[in-house]
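K.L.:
Quick one: sequence and predicted model below, then my questions.
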Amino acid sequence: MLLVIDVGNTNTTLGVFQGERLIYHWRLTTRPTRTVDEYGVHARNLFEFARLDFQDITHVCIASVVPPLNFTLRRMAEVYFGRTPLFIDHTLELGMKILYDPPSDVGADRIVDAVAAREKYGAPCIVVDFGTATTYNAIDKDGSYRGGVITPGIGISSEALFERAARLPRVEIKRPAKTIGTSTVAAMQSGLFYGFALAVDGILRRMIDELTEDESRPHVVATGGHAPLIATGSELIETVDDTLTLDGMRLIHQKVKSEKQEPEVRSQKSE
């Protein structure tokens, strides 16, 4: 079985694949101050709850955009699973040309999203990932990673309103019943929801125009925590795929394994 760990700035998602099937996945808060043992205990508790055996994990794959956690998670994989993890970055043989300057600036999350979207939905396509930042990733008709757009995420935008405006409260991010809010909370919810939904469609229209060639219109897929919500207000998001990132990690690991690039497995508790 394959354990994948997607480390974002806000959340860390763990998933377990049995072959091509995702059998379990969990989401934790990302905390760079956690120790190797704290992450190990969290993983052990999740596995125990799911009645999974640590020894059944034969490979570990990590996609991280939080560099301070890389060493911690590497040691956690080595100590608790007895495996040296594969870290995903642009240097791996991805089967996808990265047309970005420089390629090293493309985060692991954007790489796995792009690989998964091309595999599952074909090219051209666009992935919108609603994370701490909202990222838009363009895959052209040749299947190459063309580039994208990065904007603040809806969560940090909401927090900024609360922190910087003395009379504005922290609100639940949800779709309001009406556009015109009749209370401060409703007005803020309307601004956050419709502001983001309209901004998403505005950016997507421009990206679609740039990517569309020979009547080959890109498929638009959304993923990330707020994707199901924002998609209800978007005219251009066609598919919401909650497990796109984890699927991309499995696909890349599978390709690297077949190319014999995978790191050498180390014995359990090797140090």
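P.N.:
Nice, thanks for sending it over.
K.L.:
name the element Arg146 belongs to?
P.N.:
Remark: Arg146 resides in strand 145-152, with elements defined by DSSP states H and E.
K.L.:
after that strand, next one along is what?
P.N.:
Downstream of strand 145-152 (by DSSP H and E), the next one is helix 154-164.
K.L.:
Give me the distance between the residue in the chain sticking out farthest from the centre and Phe196.
P.N.:
Distance from the C-alpha centroid of the chain, by C-alpha atoms, centre = their mean, peaks at Thr182 (35.3 Å). Counting by C-beta to C-beta, to the nearest Å, the gap from Thr182 to Phe196 is 21 Å. Where you see a C-beta, it was placed from the backbone N, CA and C, and this is true even at glycine.
K.L.:
re earlier: secondary structure class for the residue farthest from the centre of the chain?
P.N.:
coil (DSSP: H, G, I helix; E, B strand; the rest coil).
K.L.:
Can you check what pLDDT the model gives it?
P.N.:
Among the per-residue scores, Thr182 shows a pLDDT of 93.
K.L.:
where does it fall, phi/psi-wise?
P.N.:
Dihedral angles phi and psi of Thr182 (degrees, to the nearest 10) take the values phi -100, psi 10.
K.L.:
one step back: may I see the buried residues of the strand holding Arg146?
P.N.:
Within strand 145-152, the residues that count as buried by 16 or more other C-beta atoms under 10 Å are 145-149.
K.L.:
ok, which stretches of the chain are strands?
P.N.:
Taking DSSP state E, the strands of the chain run over residues 2-7, 11-18, 21-29, 59-64, 86-87, 125-130, 133-139, 145-152, 219-224, 239-240.
K.L.:
and Ala160, which of the ones you listed is closest to it?
P.N.:
Closest to Ala160 of the strands of the chain is strand 145-152 (C-beta to C-beta; 7.8 Å).
K.L.:
I'd like to know which elements the closest one is packed against.
P.N.:
Helices and strands touching strand 145-152, by 3 or more C-beta pairs under 8 Å, 6 or more residues apart in numbering; DSSP states H and E, are helix 108-121, strand 133-139, helix 184-211.
K.L.:
for those, which one sits closest to Gly19?
P.N.:
helix 108-121 (15.6 Å).
K.L.:
Let me know the angle separating the closest one from strand 59-64.
P.N.:
With axes from the mean of the first three to the mean of the last three C-alpha atoms, to 10 degrees applied, the angle from helix 108-121 to strand 59-64 works out at 120 degrees.
K.L.:
what sits against Thr10?
P.N.:
Going by C-beta atoms under 8 Å, 6 or more residues apart in numbering, Thr10 touches 29-30, 131-132, 155.
K.L.:
who wins for neighbours among these?
P.N.:
For those, the largest number of neighbours (other C-beta atoms under 10 Å) sits with Gly131, at 25 neighbours.
K.L.:
Can you verify my assumption that that one contacts Gly153?
P.N.:
Yes - with contact defined as C-beta atoms under 8 Å, Gly131 reaches Gly153; the gap is 5.9 Å.
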